[in-house]
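Q: mind folding the following:
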Amino acid sequence: MNIPEGKKIYFSSDNHLGAPTHNESRPREQKFLRWLDEIRPDAHAIFLLGDLFDFWFEYRTVVPKGFVRTLGKLAEFRDSGIEIHFFVGNHDLWMSGYFEDELGIPVYHEPKVFTINDKKFFLGHGDGLGPGDKGYKRMKKIFKGRFFQWVFRWGHPDIGMRIAQYFSVKNKLISGNDDHIFLGEENEWLATYAKRKLETEHYDYFVFGHRHLPMTIKVAEQSTYFNIGDWIHHYTYGVFDGETFEIKEFEVSKEEK
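A: You can find the predicted model right below:
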């Protein structure tokens, strides 16, 4: 991917629309939509790195109710020629064609490498990577399995949504053992994961979400791990201008936070 002159690439993650309730997350959605409008003039592409929704499951003819303004805005961007790439997170991993068919947005279920202006990016949500959290990793394999999805799909959507709401908030086996506390550069497990990947191949940037904490950690002399934070507490995002990657904060008033 080459960035045209005057354009940039943007990265966002962890909106968790729907959490803890639809009404309480609507103000966060409005901030996110304002950000999209603000970056639109110079956005060449946008990478959404997971957990846009706090829960998402595609039935054969039904998708979760709500947040049509976000979906409409993404469709509007695509129709205007702006690329959008979506990586599923641990809360919205059950995507199976709706974004591709309705919005023209490719969806990735595993980390993926992109070369942008000769810089090598390793991108993903970040859940299940690195050492530890074995319970979540086992459960993730089950949830991603076709049999589990087939069984879940046979339940009424209203029941399925209530079950998912409970697990999303209460159960660490769904959300992962992640308390959103900075562990220190030597103990951050996604930084450890990045260092291990560098043993076999060079990457300029590792960019993840999931941790909900804006982070910049050098993992090698010519390689950096970024976590781009969230749209719940930090309102942060990543931006690459073709030469430099940085994390920025979207300005919101104290009353809005």
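Q: what is the neighbour count of Val63?
A: Neighbour count for Val63, taken as other CB atoms under 10 Å: 16. Every residue, glycine included, has its C-beta placed from N, CA and C.
Q: next: Trp35.
A: 18.
Q: how close does the spatially closest residue to it that is not a sequence neighbour sit to Phe240?
A: Distances taken as CB to CB, 6 or more residues apart in numbering place Phe250 nearest to Trp35, at 4.9 Å, with adjacent residues excluded. The gap separating Phe250 from Phe240 is 16 Å, by CB to CB, to the nearest Å.
Q: of these two, who's got more company?
A: For the pair Phe250 and Phe240, the greater number of neighbours falls to Phe240 (23 against 16), based on other CB under 10 Å.
Q: pull up the per-residue confidence for that one.
A: pLDDT for Phe240: 98.
Q: for Arg138, same thing?
A: Taking Arg138 on its own, its pLDDT is 62.
Q: again with Glu251
A: In this prediction Glu251 is given a pLDDT of 86.
Q: state the phi and psi torsions of it.
A: phi -70, psi 120 (degrees, to the nearest 10).
Q: neighbours around it, how many?
A: 11.
Q: and the helices in this structure?
A: 22-39, 68-79, 98, 134-144, 146-153, 157-170, 172-175, 189-197 (DSSP state H).
Q: show me what the third one is in contact with.
A: Same thing as helix 98. Here helix 98 makes contact (CB atoms under 8 Å, 6 or more residues apart in numbering) with Glu58, Val63.
Q: chain center to it, what's the gap?
A: Mean-position distance between helix 98 and its chain equals 17 Å (CA atoms, centre = their mean, to the nearest Å).
Q: repeat for the second one
A: Relative to the centre of its chain, helix 68-79 is centred 17 Å away, using CA atoms, centre = their mean.
Q: what comes up buried for that helix?
A: Thr70, Leu71, Lys73, Leu74, Ala75, Phe77, Arg78 (16 or more other CB atoms under 10 Å).
Q: low-confidence stretches in the stretch 151-257 of the chain?
A: 152, 160, 163-179, 253-257 (pLDDT under 70).
Q: tell me the strands in it, going along the chain?
A: Assigned by DSSP state E, counting those that start in this stretch, the strands in the stretch 151-257 of the chain fall at 205-208, 214-220, 223-228, 236-240, 245-249.
Q: now those as JSON lines including distance to Glu102?
A: Formatted as JSON lines, the strands of the stretch 151-257 of the chain follow (distance: least, CB to CB, whole Å):
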{"stretch": "strand 205-208", "distance to Glu102": "26"}
{"stretch": "strand 214-220", "distance to Glu102": "31"}
{"stretch": "strand 223-228", "distance to Glu102": "26"}
{"stretch": "strand 236-240", "distance to Glu102": "24"}
{"stretch": "strand 245-249", "distance to Glu102": "30"}
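Q: looking at the ones you listed, which is nearest to Lys119?
A: strand 205-208 (6.5 Å; CB to CB).
Q: what's in contact with that closest one?
A: 11, 13, 47, 49, 119-126, 129, 190, 193-194, 197, 219, 223-228, 238, 240, 245.
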